[in-house]
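In: need a structure here:
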Amino acid sequence: MKPAILILNGPNLNLTGTRQTAIYGDESFEMYLLKLKKDFTEIDLHYLQSNHEGVLIDALQEAPKKCMGVVINAGGYTHSSIAIADAIAAISIPVIEVHMSNIIAREPYRNHSLMAHVCKGSICGFGLASYALGIIALLRAENEKGKIM
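Out: You can find the predicted model right below:
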C-alpha cells in the first residue's frame, strides 16, 4: 500500500484560477492536482477543500488514520484560527503549511501565521508549486526517518 498525503485547502481556494489571478494565477487547483498526481506516483494524494473551519479541523483529526502527513493552505484561517492551529498541534503526523503568495510581502494582517509554530515548516510565494514543494518536504522528512523512498 502506498503512503498517503492529505492536501487540505481552506476558504476561497476553490476559486483558484478565477480569483485574483494576478496573485494566484489562472490555473484551477483541480487541474494542478492532476499534475501533482502524475508527478508523485509513489504516493496517494488525498484532497479536500472547505470554506468551513470545522470541516478542516475534522479532516486534520482524521488524517493520522490514513496519511503520513498533511500539506495545508488554510487561506484566511492562517491569520485567524487558533482552533486549526490547536488541531495541527494535536495530531501525530507532520504538517507543512503552504501559501501560493508570499504572505510576508502582502498586507500587514497577512504577515503572521497562527499555525506556523505548530507546523513542521512553511512554504510561501511559489504559486501552485508551493504544494509540490510541501509534498517534497514531507517525503524528505519521512525519508530521513527511513520510512519511505
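
In: send the alpha carbons of the lengthiest helix in the chain over as PDB?
Out: Using DSSP state H to define each element, the chain has its longest helix at helix 129-144. The C-alpha atoms that make up helix 129-144 are tabulated as PDB, following Å, rounded to 0.1, in the frame of the first residue of the first chain:
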ATOM      1  CA  ALA A 129       4.300  25.000  -7.000                       C
ATOM      2  CA  SER A 130       4.200  25.700  -3.200                       C
ATOM      3  CA  TYR A 131       2.100  22.500  -2.900                       C
ATOM      4  CA  ALA A 132       4.700  20.300  -4.700                       C
ATOM      5  CA  LEU A 133       7.400  21.800  -2.500                       C
ATOM      6  CA  GLY A 134       5.300  20.900   0.500                       C
ATOM      7  CA  ILE A 135       4.900  17.300  -0.700                       C
ATOM      8  CA  ILE A 136       8.700  17.100  -1.300                       C
ATOM      9  CA  ALA A 137       9.300  18.400   2.200                       C
ATOM     10  CA  LEU A 138       7.100  15.700   3.700                       C
ATOM     11  CA  LEU A 139       8.700  13.000   1.700                       C
ATOM     12  CA  ARG A 140      12.200  14.100   2.600                       C
ATOM     13  CA  ALA A 141      11.200  14.200   6.300                       C
ATOM     14  CA  GLU A 142       9.900  10.700   6.100                       C
ATOM     15  CA  ASN A 143      12.900   9.500   4.100                       C
ATOM     16  CA  GLU A 144      15.200  10.900   6.900                       C
END
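
In: Just the buried residues of it, please?
Out: Under the neighbour-count criterion of 16 or more other CB atoms under 10 Å, helix 129-144 has Ser130, Tyr131, Ala132, Gly134, Ile135, Ala137, Leu138, Leu139, Ala141, Glu142 buried. For glycine as for every other residue, the C-beta is placed from the backbone atoms N, C-alpha and C.

In: Determine the set of other helices and strands touching it.
Out: strand 4-9, helix 29-39, strand 69-73, strand 95-99, strand 121-124 (3 or more CB pairs under 8 Å, 6 or more residues apart in numbering; DSSP states H and E).

In: From Leu138, how far out is Glu144?
Out: From Glu144 over to Leu138 the distance is 11 Å, taken as CB to CB, to the nearest Å.
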